[in-house]
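Visitor: Only the shape, not the letters, is given here:
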Ligand code: NDP
Ligand code: 8X3
């Protein structure tokens, strides 16, 4: 049976790599993000392999999120797999000097955005008593590091929400799990440091996880037999032992 997956944050990094991985395995795709040109070019590339529909909305906007998902054409309405991936860190500052706009962005996108998308998708899953939700957490959801305060808080919330979803959706046979990577070389640090040169050094001196490494693990989780649910995965690159211990060689 062909499956349909909705991936948020599909215009970059882990979400885009997951779209490519799923396309290889003939999963139909609903790709979401705010950058229309990127949505168009990814759709063009992947349409050779699978059916693709794109949705442009900001997950912070509750109405637009619900409207966009409600607007899906009939052939994309039955969502089997939801990858809640859209998110970023904004800033890396001690709590006493953190920026309120950064705090809003992280809580609104990483936590509330994930909830809005889930709110729009879950009713179809409960009705059909079928579905699989993977939330992209982080090692930052398991361990707090200096200056990580609010980002770590948002990712701890993602893990708590994941557990809550798994409990509440258990009667419907819906699988829920989290994939929690450590350092992954994507546009993440460009966003966190707002284009500042601090981003240039984050992935230097060691081989960080690549978005494709995470995408393969996400596909592994969604391709298990019906009785198997991967509840929680923590993955690091070999050079990383914890949020603060990374073996760098210069
Ligand atoms: P990228 O910056 O490469 O990708 C982030 C994606 O999220 C983009 O596609 C972006 O799309 C989307 N996005 C951001 N804000 C919004 C918004 N307001 N509305 C809709 N979409 C939005 O980062 P990653 O691929 O690394 O991050 C993906 C997820 O992985 C995040 O949840 C992140 O916290 C998590 N993660 C990342 C790690 C890392 O080290 N890179 C490690 C652990 C977890 P667009 O701008 O087009 O809207
Ligand atoms: C992203 C990994 O260590 O930058 O969630 O928080 S880290």
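Guide: Sure thing, it's come through. As the structure is a computational prediction, the values presented were derived from the model and not from experiment. Ligands and ions are numbered 1, 2, ... in the order given.

Visitor: so who does residue 184 touch?
Guide: Residue 184 is in contact with 13, 14, 208, 209, 210, 211, 213, 214, counting by CB atoms under 8 Å, 6 or more residues apart in numbering. The C-beta positions use only the backbone N, C-alpha and C, and glycine is treated the same way.

Visitor: following the helix of greatest length in the chain, which helix or strand comes up?
Guide: Longest helix of the chain, by residue count under DSSP state H: helix 149-169. Following helix 149-169 in sequence order, the next helix or strand is strand 175-181 (DSSP states H and E).

Visitor: Check what pLDDT the spatially most central residue of the chain gets.
Guide: In the chain, the centroid-proximal residue (CA atoms, centre = their mean) is residue 85; its distance is 1.3 Å. According to the prediction, residue 85 has pLDDT 99.

Visitor: Check the gap between it and residue 168 for me.
Guide: Note on residue 85: its distance to residue 168, by CB to CB, to the nearest Å, is 21 Å.

Visitor: Then residue 175?
Guide: 13 Å.

Visitor: Those two: which is more packed in?
Guide: residue 175 (24 against 13; other CB atoms under 10 Å).

Visitor: hmm, back to that, the residue nearest to the centre of the chain is in contact with residue 136, isn't it?
Guide: Yes - between residue 85 and residue 136 there is a contact under CB atoms under 8 Å: 4.4 Å.

Visitor: Quick check: neighbours shared by these two?
Guide: Joint contacts of residue 85 and residue 136 (CB under 8 Å, 6+ apart) are 9, 14.

Visitor: Can you give me the pLDDT of whatever residue of the chain ends up closest to ligand 1?
Guide: Relative to ligand 1, the nearest point of the chain is residue 13 (2.2 Å; CB to the nearest ligand atom). In this model, residue 13 is scored at 98, pLDDT.

Visitor: Over to residue 1?
Guide: 87.

Visitor: repeat for the one 4 residues further on
Guide: Here the pLDDT value assigned to residue 5 is 99.

Visitor: sorry, back to before: ok, residues contacting the longest helix of the chain?
Guide: Here helix 149-169 has contacts from 84, 87, 89-90, 92, 94-95, 98, 102-103, 106-107, 110-111, 114-115, 118, 122, 125-126, 131, 133, 135-138, 140-145, 175-178, 180, 229, 231-232, using CB under 8 Å, 6+ apart.
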